[in-house]
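1. Whatever this is, show me its structure:
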Amino acid sequence: MSCAEPNTQWKYILKIFYPLNCVEDEAVDKDSFRDCSKIAFYRRQKQQLSKNSTYRALLDSVTIGRESTTFQIINEATKHPLLAEVYGIERNIIRLKINEETPLKPRYEVSDVLVGKLSTVRLISCSGDTESLILSDGKGDLKCHITANPFKIDLVSEKEVIMSINSLGQLYFEHLQIPEKQRTTKENEKSTSIDTSQEDQEDLGLWEEKFGNFLDVKANGPASIGLDFSLHGFEHVYGIPQHAESHQLKNTRDGDAYRLYNLDVYGYQIHDKMGIYGSVPYLLAHKLDRTIGIFWLNASETLVEINTEPAAEYTLTQVGPAAAKQKVRSRTDVHWISESGIIDVFLLTGPTPSDIFKQYSCLTGTQVMPPLFSLGYHQCRWNYEDEQDVRAVDAGFDDHDIPYDVMWLDIEHTEGKRYFTWDKKRFPNPKRMQELLRSKKRKLVVISDPHIKVDPDYSVYTKAKEQGFFVRTCEGGDFEGVCWPGLSSYLDFTNPKVREWYSGLFAFPAYQGSTDILFIWNDMNEPSVFRGPEQTMQKNAIHHGNWEHRELHNIYGYYQQMATAEGLIQRSKGKERPFVLSRSFFAGSQKYGAVWTGDNTAEWSYLKISIPMLLTLSITGISFCGADVGGFIGNPEAELLVRWYQAGAYQPFFRGHASMNTKRREPWLFGKEYTQLIREAIRERYTLLPYLYSLFYQAHVASEPVMRPLWIEFPNEVETFGIEDEYMLGSALLVHPVTEPKATMVDVFLPGSNEIWYDPKTSACWEGGCTMKIPVALDTVPVFQRGGSVVPIKTTVGKSTGWMADAPYRLRVALSTKGSAVGELYLDDGHSFRYLHQRQFLHRKLSFCSSVLTNSCADKSGHFPSKCVVEQILVLGLRKEPSSVATHSSDGKAQPVAFVYCAGTSTLSLEKLSLNVDTDWEVRIQ
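-> Below you'll find the predicted structure:
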């Protein structure tokens, strides 16, 4: 199939409107984006903090209420007062809020991220005077030691200081000011938060800040905030996505802080701390006996500095025969700096990784339960040209016996980049096209971006304009910027009325040509503004409530995904689960759908970096994540494409995608050998869907990540803390994708000195706690099943997930060193909310103990009739050949079973079974 090149006019538009990220280029121009030295609020804080200005807590002002404890903090130099509030939150969480006591006007506080009203725990005063105060949660497990001068808070758990706040004196708070032209003489005297000359004012960007040809005018002057946290005994910190960086966060002593600022960075550089598409201001720290977290709830541009000091021994000078040695614990200092808003931070105290995940999800929500089809394979391209192209690609999958679930259409499917429309020449009958896909039990995803073409004949534009639904300029008119359609206005998704209206656009009567198999992709929602500062919206643009864009930039895309998901739910009258993929995201985006790593490149290094990027997203709540298979930019060689499919098959979101000026790369275009290898990878994904779907249920109800770094499953093994080239899929499978060209051997670390690991393909086994050299060919995907686990898989693969609903199961039972195993199977209709509202689901526990495999009910509140049966059982690690095997049903009936035992591999194979998944039974091995 030949590649349809963009026409000459469109290439010209790309170069004019998209100069920073032209699709003809393959590398980001870093001069188009700011580094720390060009960010004024960062420079200001670094300069002012060097003057050692301190804060003092006025503990004689303490008020202990039912929900919070409040007290004043005062800057010793400026005498400006702040108000601090300390809250105890259920599940061992402490919340600290710091704001101006009497701000000139309200400062922005992030809303719509926290789930409902938080359950507070009253903190009681254990002891205190004007110099210190100790607050306890009542149980005595968690204490806040507040020191007055200089102001500091120590968080104590089990008599150990685990975290100190402001111990480095980096609390920083710029107070809102009246513009100089509006001030009286008296007000000028008061406005002394930063004492500078006119030249310094320009350099520090107090009221105006220049970047390139752009001037950012600040209505209320500087308003940045900052605070430091010292994590005692911790050397390993993770989180704060999104960066194309290692999973373990690095020191930033060189001034190159991690930046959280959502930006459209086409072909982003890897091993770089610049902000890209999404931001989750949430950091985790882990050591042998504890995991803790810091959730910095702020949606403005944020920088995070990290400095880790490893443990050390110091020799003390001493008179005598032996010199005494003093051990100093390791410590990581984390400094958060935000452009505006208030300090609103949640301290999560663990102590285990599992506890941390539950604590964070009780604040921001769990991963939404996805429809089953969305866990299948997605085929995307910018762009499939027309209905004939869609039909040909769809048929190609069937002709080559490759399953897939979803066809995707990018911006070219619309009428001139007007979303909610169809190009009448290319897609004259979109419903007919969708009916073709429906007949194959497949789905369609189309794109819907936040920019709306300025066009008086475009009803979406005119209706939004009439109702004042666009972001405005500081002068009061609609903000207009250039994006794919040309001149565009941007919907103000921070306005609840805009979100409600936008949700209504997905209703079938409103969205002509759409059907119930059409789902949505939100792209360009950082928001991307071609030729804007750093290719985004000016910070002084105005949103609902008269808030400047600078206050909420990082949450803009979150709101669009929220409105889109709600629209898809509404169109089904609340019955069907939505699927929405969003490029931009924030803390809590997991409640609304999936995200991906954006515009990556078809190079081996991007395949390799995708693993730590996805691990970081996973531990910060967003389990439904993936990277574009093959790389969006450029043309992957066949070997790289195969390796990327093999990796993607074992990652949560599995989509192939490519840019418009790349060669076509459908799985069958690289010759028979490579087609077969890609087919095997995709089919393996489909056999694994029962296990994967069960993992997503656990992510949904128990906050457990689907894709996990090794340290989550092995928190007491230091060797796992820095590993990022392999990962756990759930608790049962260890995956080590091959990410180097022409590889013939990979080093795989198998954790757990008491663990045993199996190759599911060959039944070979290894003891844990060591690194193994594993030979690999191009058809090898190093995947190992953990002893002690049961993995349910499908025995047959259909054209899509819809064809596999009643396909039989195979149970892969991998025995531990103690001869036991446990697993689970979750099952529902795969698409509706009946699992939630009518409790229509099956949750089964699969356990092997004392030579008996048992299928029992894991949750009796659920009921779901199923025709599915367990047809095959494979037991790995059975050391002794059985004399007999029999099944026992719940009514006591026994049935002998034929079996095959292989002494060489210690495996027992049972086939031609017919054991209903929804009833209790046992398989007894004598």
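2. I'd say N383 and M407 touch.
-> No: N383 sits out of contact with M407 when judged by Cβ atoms under 8 Å, with a separation of 11.6 Å. Every C-beta, even on glycine, is put in place using the N, C-alpha and C of the backbone.
3. between those two, which one's more packed in?
-> M407 (26 against 22; other Cβ atoms under 10 Å).
4. and the more buried one, bridged to which residues?
-> Q379, L444 (DSSP bridges).
5. D394 is in contact with that one, correct?
-> Yes: using Cβ under 8 Å, M407 is in contact with D394, at 6.3 Å.
6. Which residues are in contact with each of the two?
-> Taking Cβ atoms under 8 Å, 6 or more residues apart in numbering as the contact rule, M407 and D394 both touch L437, R442.
7. on contacts alone, who are the packing partners of the strand or helix carrying L695?
-> Assessed by DSSP states H and E, L695 sits inside helix 689-702. Counting contacts by 3 or more Cβ pairs under 8 Å, 6 or more residues apart in numbering; DSSP states H and E, helix 689-702 packs against strand 727-729, strand 789-794, strand 821-827.
8. Run through who's touching it.
-> Against helix 689-702 from outside (Cβ under 8 Å, 6+ apart): 358, 366-370, 372, 375-376, 623-624, 652, 704-706, 729-730, 732-733, 791-794, 801, 804, 809, 824-827, 830, 843.
9. do the same with stretch 718-727
-> 236, 246-248, 286, 288, 608, 611-612, 615, 707-711, 713-714, 734-737, 739, 748-749, 751, 782.
10. show me where the stretch 101-250 of the chain has helices.
-> With DSSP state H, counting those that start in this stretch as the criterion, the stretch 101-250 of the chain has helices at 185-190, 198-204.
11. now this protein, which segments are flagged as low pLDDT?
-> 1-28, 184-202, 254, 313-326 (pLDDT under 70).
12. Could you give the bridge partners of the closest residue to I294 other than its chain neighbours?
-> Nearest non-adjacent residue to I294, counting by Cβ to Cβ, 6 or more residues apart in numbering: L283, 4.9 Å away. Beta bridges link L283 to G239, I294, judged by DSSP bridges.
13. wait, isn't L283 in contact with G239?
-> Yes: in terms of Cβ under 8 Å, L283 counts as a neighbour of G239; the distance is 4.3 Å.
14. Which neighbours do the two have in common?
-> L249, G293.
15. So what would you say the end-to-end distance of stretch 772-788 is?
-> 20 Å (Cα to Cα, to the nearest Å).
16. Which positions within it qualify as buried?
-> 772, 774, 776, 778, 780-788 (16 or more other Cβ atoms under 10 Å).
17. need the residues you listed in CSV with secondary structure and distance to S528, can you?
-> Putting these into CSV (DSSP: H, G, I helix; E, B strand; the rest coil; distance: Cβ to Cβ, whole Å) gives the following:
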residue, secondary structure, distance to S528
M772, strand, 45
I774, strand, 42
V776, coil, 39
L778, coil, 38
T780, coil, 40
V781, coil, 35
P782, coil, 38
V783, strand, 37
F784, strand, 41
Q785, strand, 43
R786, strand, 42
G787, coil, 48
G788, coil, 47
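18. Which two among the residues you listed are spaced furthest apart?
-> L778 and G788 (31.3 Å; Cβ to Cβ).
19. how far away is the residue nearest to L303 when sequence neighbours are not counted from T54?
-> Spatial nearest neighbour of L303, excluding adjacent residues (Cβ to Cβ, 6+ apart): A257 at 4.1 Å. Going from A257 to T54 by Cβ to Cβ, to the nearest Å gives 23 Å.
20. ok, these two, which is more surrounded?
-> When A257 and T54 are compared for neighbours, A257 comes out ahead with 20 against 14, by other Cβ under 10 Å.
21. right, and the more buried one touches E305 too?
-> Yes: if you go by Cβ under 8 Å, A257 and E305 touch, sitting 4.8 Å apart.
22. tell me, what's touching those two both at once?
-> Common neighbours of A257 and E305 (Cβ under 8 Å, 6+ apart) are I337.
23. that older thread, dump the residue contacts of the residue nearest to I294.
-> With Cβ under 8 Å, 6+ apart, L283 has these contacts: V237, Y238, G239, I240, L249, G293, I294, W296, V304, V334.
24. possible to save these as CSV with distance to R91 and neighbour count?
-> Shown next, in CSV, are the contacts of L283 (distance: Cβ to Cβ, whole Å; neighbours: other Cβ atoms under 10 Å):
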residue, distance to R91, neighbour count
V237, 21, 23
Y238, 20, 25
G239, 18, 23
I240, 22, 28
L249, 24, 24
G293, 12, 27
I294, 15, 24
W296, 18, 25
V304, 24, 23
V334, 22, 25
